[in-house]
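Peer 1: quick one, structure for this:
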Amino acid sequence: MHKSILFSFLCAFQSLLLAQTPTIAISPLNPSVCSGNAITLTANTNAAPGATFLWLPGGFTTQSISVSPSASTTYSCTVTSGAFSNLSSCAVTVNPLPTATMVVNGLTLSIISTSPLAYLWPNGTVAQSITAFQSGQICCWISDFSGCNNTICVDFIDPTIVYSIAGQDATIDCNQHTNGYQMNNATVAGHTYAWSPTTGLSNPNIANPIANPAVTTTYTLTDYDANGNTIIDNVTISVNNNLPTLDAGQDQTVCEGQSVTLNATSNASNVTWGQIIDNGVPFVPFSVGSQTYYATAIGTNGCMSQDAVTITVNSVPVSSVISQIDTFLYVPALVNETYQWINCQDNSQISGANSNIYFPSNDGSYAVLANNGSCVDTSTCFYFSTNGINEMNSAQIMAFPNPNAGQFTLSINEQLIGKTLKIYNLTGILLQQQILVNLQNQINIDPFAKGTYILNIEGLTPIHIFKN
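Peer 2: This next block holds a predicted model:
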C-alpha cells in the first residue's frame, strides 16, 4: 500500500516538472550555407513571455540570430523560463564557392573546372565555351549543385586587331605628371615594342614605359606583331618646368619705428610673402635687428620661385630729456652718441654746440639732436631762462690754484655761505657736492681723473676747474 502511494507521488512530480520545462527547437535544422553568406537561426519555444535566450558560440541573447561562419559550426541555444531551462543545437554546414579557370584560345573562351557546374554568360549563353563577343572584360557566372555561385572574369584582347597607338600627347610641368608620364599603349600578347629615342624612358622595350624627359621630346613607337608586321606611331611629351622670374628687391636698413615697403617683381601674376605682409604695402618691422623675408611666386605651370630680402632695423638713440642746471642745458651722455644743439626758433643748428652740455648765450627754446651712428632722434624743445640767476652775479667766486693737482681753495663772499657747490664732469654727471660754510673752502678732487670739471653754485655762472 505504501509503495503504491510513493510511486504515484513521484509520477505526479515528474509530470509537473515536465510541464514547467520549456521546449526548444532551432530552425532551420542543420542548414547549409555558401561561404561568405549569412543565415538566420531561430529558437522556437513554448516558454512564457519574458524567457531569456543564450546562443553559443557568440553569446547572443535574442531569439533569432544571423550568422556567417567561415567554416562549418554547431550552434546551441539555451532558453530559460523562471527556474527551468532547456537546450537545443544545430549544425551549420559551410559549402565552399565553386572555382574554375577561364581559358582563352584565340576567339574561344572556355571554363575549366574539376566539378560539375552550371554556366551563364552575359549574352545569355549557358554553354561551357563561347566565342568572344566583345573586347575588354568578359565574365561568366558559375554555380554548383550545392547552390553556391561565383564569377570568373578575363580581360579579352581580340588577337585579330593590331594595336599600335603610342598614346596621347602630354605635358610635364609642376602641376601634373611631376614624376613622369606613363604611355597608355595596351600590351598585346605576341607583340614586341621599340621606342626611340630612349632618353628619359623607364624601359624602351615595353608598350607603356614612363617618359620623364628633361626637355620636350617626340617619341616614336615601332610595334612588331607575331608575323613581323610593323606599325609606327608618335607621341610628344612637352616639358614646361620653367621657374617664374622673381626679384625680392634690395636689402634695406631703417631706424626703429620707420615703415618698410617690400616690392617683389615677377613675371608671375601672384607674389606672396611668408609673413603677414602684402607686396607693395608699407609695414613697420616688429623688432630691432636683422630679419629675412621670403617672397614666393608661382607660375601658371605650378612651378615656384623664392627670393629673400634682409631688413635691418637699427635702434634709435634713447630719447633725450633736456634739463637746465643753473646757466647751462644738459642731457645725459651715452656711449657712441654725438650731439648737436638746435635753436627751436628757426630750427637752425648752433655752431660748435656739439656736447651733451650747452651754455646758451640768450634765453629761448633749444633742442638737442642725438646721433648713435645709425639713427637720429631729436628731443622736444626746452625753454631756457636766466631769470633769478643774474641777480646774484655780483657775488663773486674764485678757485685757486687753477689748474691744480687735486686740491684747491674756493673763495666766496658772505652772500654764498650756506649755498651748495656742485661739481660736474663735462658729460654733465654730478660727481660731488658740499655746502659752503666758510669764506675760504678747501675742496678736494683728488679722486677725480685729470681733466676739466664744472663748478656750479645755484644762481651763478658756472666756472671751470682743471686738474693736472
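Peer 1: how many residues are close by the closest residue in space to residue 280 that isn't next to it in sequence?
Peer 2: Spatial nearest neighbour of residue 280, chain neighbours left out: residue 263 (4.9 Å); criterion: CB to CB, 6 or more residues apart in numbering. For the C-beta atoms, the positions are set from N, CA and C on the backbone; glycine is no exception. Counted with other CB atoms under 10 Å, residues neighbouring residue 263 total 13.
Peer 1: from residue 103, how far off is residue 263?
Peer 2: Taking CB to CB, to the nearest Å as the measure, residue 263 falls 72 Å from residue 103.
Peer 1: what kind of secondary structure is the residue nearest to residue 280 in?
Peer 2: Under DSSP: H, G, I helix; E, B strand; the rest coil, the three-state class of residue 263 is coil.
Peer 1: next one: the most centrally placed residue in the chain relative to residue 419, how far apart?
Peer 2: Against the mean C-alpha coordinate of the chain, by CA atoms, centre = their mean, the closest residue is residue 274 at 12.1 Å. For residue 274, the distance to residue 419 (CB to CB) stands at 65 Å.
Peer 1: show me what residue 378 bridges to in the sheet.
Peer 2: For residue 378, the beta-bridge partners are residue 369 (DSSP bridges).
Peer 1: helices of the protein, start to end?
Peer 2: Ranges of helices within the chain are 2-20, based on DSSP state H.
Peer 1: for it, give me the ranges with low pLDDT.
Peer 2: Residue ranges of the chain with pLDDT under 70: 1-19, 157-165, 184, 227-229, 275, 319, 325-326, 387-395.
Peer 1: just the terminal-to-terminal distance for stretch 283-300.
Peer 2: Its start and end residues considered, stretch 283-300 measures 29 Å (CA to CA, to the nearest Å).
Peer 1: in it, which residues are buried?
Peer 2: 285, 293, 295, 296, 297, 298, 299 (16 or more other CB atoms under 10 Å).
Peer 1: how about stretch 187-202?
Peer 2: For stretch 187-202, by 16+ other CB under 10 Å, it's 188, 191, 193, 195, 200, 201.
Peer 1: how about stretch 135-143?
Peer 2: 138, 140, 142, 143.
Peer 1: any chance of a markdown table for the residues you listed, columns distance to residue 92?
Peer 2: Output for these, formatted as a markdown table (distance: CB to CB, whole Å):
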| residue | distance to residue 92 |
| --- | --- |
| 138 | 35 |
| 140 | 29 |
| 142 | 24 |
| 143 | 20 |
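Peer 1: just flag the most distant two among the residues you listed.
Peer 2: Greatest spatial distance among those (CB to CB): 138 and 143, at 17.9 Å.
Peer 1: can you map out the strands along the stretch 151-300 of the chain?
Peer 2: With DSSP state E, counting those that start in this stretch as the criterion, the stretch 151-300 of the chain has strands at 170-173, 181-182, 192-196, 210-211, 217-224, 230-240, 246-247, 252-255, 265-266, 271-273, 289-298.
Peer 1: in JSON lines, list those along with distance to residue 27.
Peer 2: Converted to JSON lines, the strands of the stretch 151-300 of the chain look like this (distance: least, CB to CB, whole Å):
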{"stretch": "strand 170-173", "distance to residue 27": "63"}
{"stretch": "strand 181-182", "distance to residue 27": "57"}
{"stretch": "strand 192-196", "distance to residue 27": "63"}
{"stretch": "strand 210-211", "distance to residue 27": "60"}
{"stretch": "strand 217-224", "distance to residue 27": "64"}
{"stretch": "strand 230-240", "distance to residue 27": "66"}
{"stretch": "strand 246-247", "distance to residue 27": "79"}
{"stretch": "strand 252-255", "distance to residue 27": "89"}
{"stretch": "strand 265-266", "distance to residue 27": "79"}
{"stretch": "strand 271-273", "distance to residue 27": "72"}
{"stretch": "strand 289-298", "distance to residue 27": "69"}
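Peer 1: minimum distance to residue 430: which of these has it?
Peer 2: Residue 430 sits nearest to strand 252-255 of all the strands of the stretch 151-300 of the chain, at 31.4 Å, using CB to CB.
Peer 1: so where do the strands sit in the stretch 1-150 of the chain?
Peer 2: Using DSSP E, counting those that start in this stretch, the strands of the stretch 1-150 of the chain run over 24-27, 32-34, 39-45, 52-56, 64-67, 73-81, 84-95, 101-105, 108-112, 118-120, 129-131, 136-143, 149-156.
Peer 1: what's the spacing between the second one and its chain's center?
Peer 2: Looking back up the chat, that one is strand 32-34. Averaging C-alpha positions (CA atoms, centre = their mean, to the nearest Å) puts strand 32-34 54 Å from its chain's average.
Peer 1: who does it pair with, and is each partner parallel or antiparallel?
Peer 2: With DSSP bridges as the test, strand 32-34 is paired with strand 84-95 (parallel).
Peer 1: got the buried residues for the strand it pairs with?
Peer 2: For strand 84-95, by 16+ other CB under 10 Å, it's 85, 86, 88, 90, 92, 94, 95.
Peer 1: how far away is the residue nearest to residue 280 from residue 311?
Peer 2: Per CB to CB, residue 263 is found 13 Å from residue 311.
Peer 1: kindly report the same for residue 77.
Peer 2: Separation of residue 77 from residue 311 (CB to CB): 81 Å.
Peer 1: what do you get for residue 411?
Peer 2: Going from residue 411 to residue 311 by CB to CB gives 61 Å.
Peer 1: now residue 90
Peer 2: 83 Å.
Peer 1: what does residue 348 give?
Peer 2: Taking CB to CB, one finds residue 348 at 34 Å from residue 311.
Peer 1: out of these two, which sits in the busier spot?
Peer 2: Shown here are residue 348 and residue 311; by other CB under 10 Å, residue 311 has more neighbours (17 against 9).
Peer 1: doesn't residue 30 make contact with residue 91?
Peer 2: Yes. Applying CB atoms under 8 Å as the test, residue 91 and residue 30 come out as touching, 4.9 Å apart.
Peer 1: before we move on, back to that, got the buried residues of strand 84-95 as TSV, with distance to residue 396 columns?
Peer 2: Listed next are the buried residues of strand 84-95 as TSV, based on distance: CB to CB, whole Å:
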residue	distance to residue 396
85	130
86	134
88	134
90	133
92	129
94	128
95	132
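Peer 1: quick one: which of these is nearest residue 359?
Peer 2: Checking the buried residues of strand 84-95 against residue 359 by CB to CB gives residue 94 as the nearest, at 113.3 Å.
Peer 1: need the contact list for the closest one.
Peer 2: Applying CB atoms under 8 Å, 6 or more residues apart in numbering to residue 94 gives the contacts 32, 33, 34, 35, 69, 70, 71, 72, 73.
Peer 1: and those residues, which of them are buried?
Peer 2: Applying 16+ other CB under 10 Å to the contacts of residue 94 flags 33, 34, 69 as buried.
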